[in-house]
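Q: structure for this input, please:
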Amino acid sequence: MRPVDPPIVPLQPGGLVYVCRDDGHRPMQSHPHTNFDPFAKVRSLSGVLMVFLFARASMRAVNYLVAKATAPSGATSMEDHQTFRMIQGGLLGVENLLSLVGMIMFLVWIYRVIKGARAAGVMTKYSPGMAVGGWFIPIANFVLPWLTVRDGLRAVQRPTVLAGLWWIIWIINIPLNAMFQFARQLMLVPELGDNIPFEMIESMYSMLNTMSWPYLLLDTAAWALLGVIVSIVRGAVSQRSA
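A: Numbers count the residues shown, from 1 in each chain. This is a model prediction of the structure:
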């Protein structure tokens, strides 16, 4: 007599489909129930990434407030100046750490967004590899990061204008950030300016004083808008999986 095929029991707790024996004993074997979610890794990374991006966006305001509270004024000693430099050096270290970790996580995130979109059957103009590599290709990296972020927003059916606004601010902020970072390094290690003409340093600090508020606003906006973009994509993929 041909044996009767064992019955298939519907989905059980834990996501397994049990193939049961006829005698009611333990299952002979089990098969995992797969519910494919191409954006699962995007959602899992987005929350932590947003923390880093918004924390980095807050550093200009934090640095300004701390500097106002701790900057030596009036009759001060060398010890006061050394303490101020130590505080500023610590803030610079925190800022650089947030920038580095935040950008590494962002590159992983945008790779997963594009890869997830393609896995979901959405055609994207740029590959996951280009979404990362576009940041490092000379000349092309003036536009490719914007294009790939726009591609990611388009893939989850969200407006792309925010990608353009973010990229314009990001590009404008790059030279400003470089100059302000150099000025902070000179403050922390004055010996770096030994081979630079005094007039050049004086001119640079004069210009930076004029640009301090625009820099505060641009740097904050550049990182905050990136965090907003991550939040928008996170919301879109969460709705998709609901």
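
Q: pLDDT on the longest helix along the chain, on average?
A: What stands out as the longest helix in the chain, according to DSSP state H, is helix 198-241. The average pLDDT within helix 198-241 is 90.

Q: then stretch 113-125?
A: The model assigns stretch 113-125 a mean pLDDT of 94.

Q: buried ones in it?
A: 113, 114, 115, 116, 117, 124 (16 or more other C-beta atoms under 10 Å). Glycine gets a C-beta too; all of them are placed from N, C-alpha and C.

Q: ok, now stretch 196-209?
A: Buried residues in stretch 196-209 (16+ other C-beta under 10 Å): 204, 208.

Q: cool, and stretch 215-234?
A: For stretch 215-234, by 16+ other C-beta under 10 Å, it's 215-216, 218-234.

Q: skipping its backbone neighbours, what lies nearest residue 223 in space?
A: In space, and not counting its chain neighbours, residue 223 is closest to residue 57: 3.7 Å by C-beta to C-beta, 6 or more residues apart in numbering.

Q: how many residues are close by that neighbour?
A: By other C-beta atoms under 10 Å, 21 other residues sit near residue 57.

Q: close enough to count as contact, it and residue 230?
A: No: applying C-beta atoms under 8 Å, one finds residue 57 not in contact with residue 230, separated by 11.8 Å.

Q: packing partners of the helix or strand in which residue 150 is found?
A: Using DSSP states H and E, residue 150 falls within helix 144-155. The contact analysis (3 or more C-beta pairs under 8 Å, 6 or more residues apart in numbering; DSSP states H and E) places helix 144-155 against helix 78-119, helix 128-133, helix 161-188, helix 198-241.

Q: quick one, phi/psi of residue 122?
A: Backbone torsions for residue 122, taken as degrees, to the nearest 10, come to phi -90, psi 130.

Q: any idea how far the nearest residue to it once chain neighbours are set aside is from residue 89?
A: Excluding the flanking residues, the one nearest residue 122 by C-beta to C-beta, 6+ apart is residue 155, at 4.9 Å. In this view, residue 155 and residue 89 are 42 Å apart by C-beta to C-beta, to the nearest Å.
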